[in-house]
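Participant: starting from these lines, generate the structure:
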Amino acid sequence: MNLRYKLFTAFLGLIIIPLFILGMIMFFVTYNSIEKKYSQQSEYSLKAISYSISNVFKDMNNVTDNGIATSVFHMALNAEDPTKQDLTDAEQLSLNNSQRNFRSLLYNHPSISYAFLYNFNGKGNSEIVSIFNKENFQPLSYDTFKGSELYQEVMKLNGVPKWVAPHEYPELTGTEPVFTQIRLVKELSYFQNIGILVVQIKNWEFESIFRNLKIGDSSQKLSFMLVNDNGMILFDPDGEHDGQNISEYTPKKIQFQQGFQSFRTQFDGERSILSVYHLKDYPWSLVSVTSWGALSHEVTVFARWFVGVILLCLLAAIIFNLFFMNRITGGIAVIVRFMRRVEDGDLTSRVEERGNDEMTLLAKGVNDLMNKINSLFRRVQFEQRRKNQAELRLLQAQIKPHFLFNTLESINVLAVQNEGRKVSEMVYRLASILRISIQEREEITLEEEITHLRNYLDIQKFRFEDLFDYEIEIPHELHSCGILKLTLQPLVENSIQHGFEGIEYKGRLIIKCWERQGNLILRIEDNGIGMGPAQLSKFQYMVNDGGEGNDEAALEGHVKHLERRGLGVRSVADRIRIEYGELYGIFICSSPGEGTVIQCVIPKYMQGEDHYAKGIIS
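Facilitator: The predicted structure follows:
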C-alpha cells in the first residue's frame, strides 16, 4: 500500500474512528441515562401527585366523618319530608336546623359540587334526601342502586368511604369528570345502618395538582392521566383521552400492579416514555406520558454537532493529506523510485533537491551516498581490471614453460630432419602466439582470437599429427566482435591435454560460435574420454582463493590452484564473470566415454566498445 494511504488510514484508524466510536458510546450512554434519570424524576412527581390526590380524598373523608360524628346526616335522614305542610313548629325548626348545620359543614369545603343521601327507612320520594342539587341530573333510584355491585362493595366497607372515579359508574355519578365518595351512614347510638351518603367533588383541584407538577422544561410534551386497573382512562386534565382505554394508544401491554414502572414505547403514534405509579389504597394508577423527541432533543442536537465536528475533522484530514502529506510521501516516493532505478543498475540517477526541509536533507544525503558508491564502484572496476590482467599474465606464464620447451624441441627435430618449410611454419605460428600473448591489450577481436587458436592447434598438430583433427565453424559477420584474449585457447588446451589422453582412436575438436539473444555462444566439443561427476564437481567457479595480503604469495597460490584445475579453465570462467557479470561464464557438460562440451557465453559487442558504458554489465 502507498505510504500516503497508509498514513491516511492510520489517521482514520487511530484518531477519527476512535473519536467517532467514543462519541457514539457517549451518545448512547447519555441517551440511555436520559431515560433512567427521567424515570426517577417521573417517579418522584407521580408520588407527589399521588400524595396530593390522597390529601384531597382524606380532606373530604374528614368532612364527612365530621358530619357523621355530629349526627348531621342522622338528623337529615330521620326528618320527615320537608314538603309536608302539617309539620309542627318544633319539627320544622329541628329539620331546618339540621339542614342548616349540614349545609354549613359542606359549604366550608368549596370543592363539593353535589351531595345526597339514600334513606334506608324512606318510602317513595323520601328514599333520596337531596343536599346539593345538580341541574339536568336525576339520581339513581335506591332500588336500582341496591342491585349494583357498587352497593354490595359499599356495604362491605361498613362505613369506610368508597371513592368512584369519573366514567366508572356514569349511571350513578353522571357524565361529568368528577370524583364521587360513597359511604355507609350509621346511627351512632346503636350503630344501625340508616343510609348511604353520596358526595361529588369538583375536578378543578385535581387539574391544579396536575398542572403545577409538570416535569422539567415547560416545552416538553408532557401529559398525565388517571387509569384504573382495566386500562380505562378515568381522568385526563387535557380532556383528550377521557373514557378511552389506554391500550388504544400504545402497543405495549401494561400490567397495572403495585409500585412504579417506566419504559419507552409508542403512544398515540409518537415515541414516548410512559411511567406508571399505582396509588395506594385505590384501584387506580397515575400515568405520565412524555415525548421522547422532546426529552432527547438536546442530545440529538449534540449528536448532530458531534457528527459535524467529525466530518470537519475528516475534511481537515483529507486537506492535510493532500497538501502536507503529499510533500512528505511524494518526496519518499521519489526516493523509492530512485532506489529502484539504482537496483536496476542506473548508478547515474540522482534525486532532485528542492526546498530546505528534512526531505531535502534526505535527498542530499542519498545523492552524496550514490556519489561515494560510484567512486567505490569505479575503484572496484579498476581493481578487477588489474586482477584480470594479473590472471592473464598467469596464463601467459603457464603457456611459456613446457609449451615453449616442447614446441622448440619439435622444431629441433624438424631441423635435424632438414624439414625447413615445416620449421619455418612452426616458428611463424609460435611467433604469432607469443605476439598476441605479450600484447598489452586485454580485449581483441574474435577474428584475432581464432587466428591465435589456429596457430596453437596447428603447432599441436605438428607435435601430435595423428592424435586429433579440428574444425572451426564461426560466421564471418561475428569476426569483428570483441572478446577477452586467451579465452578459447585454454579451453581447447584442456580438451587436448585431458580429453585425448590415452585414447586409441583419433580425437576430434569442433569449435563453433553463434549469436543468441544479444549474446555470443562459443562451443568447444570433443570426443575424448569425458569426465565423471566427481571430476565435474571440481569446477567450482568464482570461489574466493584468498583474502587481501601479499600479492606475490596470492599469485603463487593461484598458479598452483590453476594447475590443479587443468590449464586455466577456472581462470577463464572467473575472468568472464568478473568482466561481464554473474549472467555470463562457461558451462561444462560431460560424461565418461562420451566426450566433453564446454560452452562459453559472453555479451555481443564490437571490439573497442565500452560494454560497461553501454549497459551490457549490470
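Participant: parallel or antiparallel, list what pairs with the host helix or strand of Cys589.
Facilitator: Cys589 belongs to strand 585-591 when assigned by DSSP states H and E. Strand pairing for strand 585-591, determined by DSSP bridges: strand 595-603 (antiparallel).
Participant: go ahead and name everything in contact with the strand it pairs with.
Facilitator: 483-484, 487-488, 491, 494-495, 499, 518-528, 530-531, 569, 572, 576, 580, 583-590, 611, 616-617 (CB atoms under 8 Å, 6 or more residues apart in numbering). C-beta coordinates here come from the backbone N, C-alpha and C atoms, glycine included.
Participant: ok, stretch 368-382 next?
Facilitator: Val342, Leu347, Thr348, Ser349, Arg350, Tyr612.
Participant: low-confidence stretches in the stretch 101-250 of the chain?
Facilitator: 101-110, 122-126, 131-136, 212-220 (pLDDT under 70).
Participant: quick one on the thing from earlier: top of the contacts of stretch 368-382 by neighbour count?
Facilitator: In terms of neighbours by other CB atoms under 10 Å, the contacts of stretch 368-382 top out with Val342 at 16 neighbours.
Participant: show me which of the contacts of stretch 368-382 is closest to Arg454.
Facilitator: Distance to Arg454 across those (CB to CB) is lowest for Tyr612, with 30.4 Å.
Participant: which residues in the stretch 401-550 of the chain form helices?
Facilitator: For the stretch 401-550 of the chain, the helices defined by DSSP state H, counting those that start in this stretch occupy 420-438, 446-463, 488-494, 533-536.
Participant: so which of those gets nearest Thr64?
Facilitator: It's helix 533-536; of those, that one is closest to Thr64 (CB to CB) at 127.5 Å.
Participant: measure stretch 193-207 end to end?
Facilitator: 35 Å (CA to CA, to the nearest Å).
Participant: residue numbering should commence at 485 henceforth.
Facilitator: Sure, I'll start counting at 485 from here, so that last one is stretch 677-691.
Participant: buried residues in that stretch?
Facilitator: The neighbour-count check on stretch 677-691 (16 or more other CB atoms under 10 Å) flags Ile678, Gly679, Ile680, Leu681, Val682, Val683, Gln684, Ile685, Lys686, Asn687, Glu689, Phe690 as buried.
Participant: look up how far Leu763 lies from Ser538.
Facilitator: Taking CB to CB, to the nearest Å as the measure, Ser538 falls 7 Å from Leu763.
Participant: which of the two has more neighbours?
Facilitator: Set side by side, Ser538 and Leu763 show more neighbours around Leu763, with 19 against 15, by other CB under 10 Å.
Participant: next up, the contacts around that one.
Facilitator: So Leu763 contacts Ser534, Ile537, Ser538, Ser769, Leu770 (CB under 8 Å, 6+ apart).
Participant: could you redo the last one with a cut-off of 10 Å?
Facilitator: Residues near Leu763 by CB atoms under 10 Å, 6 or more residues apart in numbering: Leu530, Lys531, Ile533, Ser534, Tyr535, Ile537, Ser538, Phe541, Leu710, Gln742, Ser769, Leu770.
Participant: wait, the fourth one sits on Ser772?
Facilitator: I take that to be Ser534. No. Counting by CB atoms under 10 Å, Ser534 stays clear of Ser772, with 11.5 Å between them.
Participant: looking at these two, which one has more neighbours?
Facilitator: Between Ser534 and Ser772, counted using other CB under 10 Å, Ser772 has the larger neighbour count: 27 against 19.
Participant: and the nearest residue to that one once chain neighbours are set aside, what element?
Facilitator: Nearest residue to Ser772, sequence neighbours excluded (CB to CB, 6 or more residues apart in numbering): Ser759, at 4.7 Å. Using DSSP H and E, Ser759 maps to strand 754-762.
Participant: what about that strand, average pLDDT?
Facilitator: Across strand 754-762, the average pLDDT comes to 89.
Participant: the contacts of stretch 852-866 in helices, which ones?
Facilitator: Val826 (DSSP state H).
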